[in-house]
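> coordinates only, sequence not included:
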Ligand code: C5P
């Protein structure tokens, strides 16, 4: 039978992960954090001395990884790597490994396997365009670069991590450019996706918007 998918794409630090998780919780759906997969590959590659530039080796590595998600935590070979993959370094690494077509292809079936009853909320860059083109609801969730940098800054500060707002903004802009300009599965709004500009919205308002669109 047809299992519903809500696809939420958008740039870094747009808040799509937070919104997607809350929507999944509200509906009792499964949740896929596709960015985490690219982050895990970047982490595992670093540990095994595989270059983030070597697409074929990265694809081979990904085919052998044992990745699982339990209660919002991320596991690589039974080891909890939730904290390690969230670092800025692995965010940058993820956006570098993500340019390789062979790696992206390798991760397709793993992403499809998250589509289970009663439904799935998937967030990333190419959920609506490539991975789940038949998604019932497609949302392109964004905010201005300045607002996103501020959100990331506050998030880091709340964790007691020292950060510089100007550096964060520059990093975000570089990552946006890399994600938008790559040839495979670039970050873009799907033709049939609804734009959700969250610069002036609270998390609750954004969640409400997605829920309203999905029924
Ligand atoms: O969403 P998150 O910031 O965790 O993603 C990290 C990086 O992984 C992104 O900058 C992007 O380059 C890549 N990515 C991707 N396709 C996805 C999800 C993430 O290319 N579906």
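All right, it came through fine. Keep in mind the model is a prediction, meaning the values are calculated, not measured.
> Which parts of this protein are helices?
For the chain, the helices defined by DSSP state H cover 16-27, 34-47, 55-64, 82-85, 88-97, 101-106, 108-112, 145-158, 165-181, 203-213.
> which other residues reach the first one?
By that I understand helix 16-27. Outside helix 16-27, the residues that touch it by Cβ atoms under 8 Å, 6 or more residues apart in numbering are 6, 8-10, 29-31, 33, 35, 72, 118-123, 141, 198, 203, 206-207, 210-211, 214. From N, CA and C alone the C-beta is placed, and that goes for glycine too.
> How about it and the ligand, touching?
No - using Cβ under 6 Å from any ligand atom, helix 16-27 stays clear of the ligand, coming no nearer than 6.5 Å.
> Distance from the chain centre to that helix, please.
The chain centre lies 13 Å from the centre of helix 16-27; the measure is Cα atoms, centre = their mean, to the nearest Å.
> Go through that helix and flag the buried ones.
Residues of helix 16-27 classed as buried by neighbour count (16 or more other Cβ atoms under 10 Å): 16, 17, 19, 20, 21, 22, 23, 24, 27.
> And the shortest one, by the same measure?
For helix 82-85, the neighbour count (16+ other Cβ under 10 Å) marks 84, 85 as buried.
> For it, give me every contacting residue.
Against helix 82-85 from outside (Cβ under 8 Å, 6+ apart): 36, 39, 40, 42, 43, 72, 73, 74, 90.
> can you redo the helices of the chain as CSV with mean pLDDT?
Formatted as CSV, the helices of the chain follow (pLDDT from 0 to 100):
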stretch, mean pLDDT
helix 16-27, 96
helix 34-47, 97
helix 55-64, 97
helix 82-85, 93
helix 88-97, 92
helix 101-106, 97
helix 108-112, 96
helix 145-158, 92
helix 165-181, 92
helix 203-213, 97
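> Out of these, which is the most enclosed?
Neighbour counts (mean count of other Cβ atoms under 10 Å) averaged over each of the helices of the chain peak at helix 34-47, with a mean of 22.
> Quick check: which helices or strands does that one pack against?
Using 3 or more Cβ pairs under 8 Å, 6 or more residues apart in numbering; DSSP states H and E, the elements in contact with helix 34-47 are helix 55-64, strand 67-70, strand 73-76, helix 82-85, helix 88-97, helix 108-112, strand 120-124.
> same thing but 6 Å
Identification of packing neighbours for helix 34-47 by 3 or more Cβ pairs under 6 Å, 6 or more residues apart in numbering; DSSP states H and E yields helix 55-64, helix 82-85, helix 88-97.
> what about these, which gets the closest to residue 183?
Among the helices and strands packed on helix 34-47, helix 55-64 comes nearest to residue 183, with 12.2 Å by Cβ to Cβ.
> Please spell out the PyMOL selection for the buried subset of the contacts of helix 16-27.
With 16+ other Cβ under 10 Å as the criterion, this PyMOL line picks the buried residues out of the contacts of helix 16-27:
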select buried, resi 6+8+9+10+29+30+31+33+35+119+120+121+122+123+141+198+206+207+210+214
